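[1] Could you look at this predicted model? Sequence included:
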Amino acid sequence: MIHLYVSSAARLSYRQVQATITEIIVPDHDVRYIAINDNVDTFKSENELLAFKNIFNDWYARDTSKKRKAVFKAKGQSGKRLSDPLYGYKHSETDKDLWVIDDEAAEVVRKIFHLCIDGYGPAQIARILTEQGIPTPTAYALSQGRDNGHKNAKLHRWGSETIAHILEKAEYCGHTVNYRTHVKSYKNKKRVDDLKEDRLIFENTHGPIITQQEFDLVQELRKNKRRPTKHEEVDSFSGICYCADCGRKMYLCRADRLP
């Protein structure tokens, strides 16, 4: 068996990979390469048209990718969702394009937003949910017979990144948000974030889990980092209270004992 390794820094196209196999690796290892549909057999003779066929295959893949992007663009601009339901929602039994609230998971989402409003950060919220034994989104999806695609996710420990992603989703207000991410090309499947100004938001398309006021308050609070105190007390003014003289942030400090 021959293994071909391609570095991520210099990804090869399908045409380049096939050309490398048929023109370099196969002859060097005295391996017979047969492609029935392309009428190629390196044991009999070389096929001069194989390079052109590889180009045509690449053109076909590129054209198919353009058509798929056009379909998704038209679908997203019409207000239809381009993603599966977020944690806290599920597909409607009557209409697969409609999101309905998943009551059990929605309560956890509300708890996360309320803890953030009370002054807890993502890492602290994750620790609280883990200590209370609340299933993570992946564990909950598996318990409901669903697969959210996160095979390597930790099932019994919440992560701060998961909490942060939940807190920034406007979908929990009942809105549809399209064009959050995109892949670089049909050859490079790496997914990157879109600019916020390029996103399309369609309001009131499904039932809200939290209010718009709660969401806006959380976004404002998360602009200012909060430092936890040694007394495990959350200061509601931390990160938003500034010194009138120097302009720097002020933090809550208490002495352990009085003099």
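    Great, that's in hand.
[2] ok, for L115, nearest residue in space, not its chain neighbours?
    Once flanking residues are discounted, L115 sits nearest to I125: 4.9 Å by C-beta to C-beta, 6 or more residues apart in numbering. Glycine gets a C-beta too; all of them are placed from N, C-alpha and C.
[3] Pull the number of nearby residues for that neighbour.
    24 (other C-beta atoms under 10 Å).
[4] Now it: phi and psi?
    Per-residue torsions, I125: phi -60, psi -40 (degrees, to the nearest 10).
[5] now do H156
    Per degrees, to the nearest 10, the backbone of H156 is at phi -120, psi 10.
[6] so what's it up against?
    T130, T136, A139 (C-beta atoms under 8 Å, 6 or more residues apart in numbering).
[7] What count of nearby residues applies to the first one?
    Using other C-beta under 10 Å, the number of residues around T130 comes to 15.
[8] Could you look up the SS state of it?
    Three-state assignment for T130 (DSSP: H, G, I helix; E, B strand; the rest coil): helix.
[9] low pLDDT regions in the stretch 151-259 of the chain?
    Segments of the stretch 151-259 of the chain classed as low confidence (criterion: pLDDT under 70) are 151-154, 225-240, 251, 255-259.
[10] Kindly recompute the last result at 90.
    For the stretch 151-259 of the chain, the stretches with pLDDT under 90 are 151-156, 178-201, 220-259.
[11] So which residues of it form helices?
    Ranges of helices within the stretch 151-259 of the chain are 160-167, 212-221, based on DSSP state H, counting those that start in this stretch.
[12] Beta-bridge partners for the closest residue to Q77 other than its chain neighbours, please?
    Leaving aside its sequence neighbours, Q77 sits nearest to L200 (C-beta to C-beta, 6+ apart; 6.6 Å). Beta bridges link L200 to N178, judged by DSSP bridges.
[13] is it true that L200 touches A170?
    No: contact criterion C-beta atoms under 8 Å: L200 and A170 do not qualify, at 11.5 Å.
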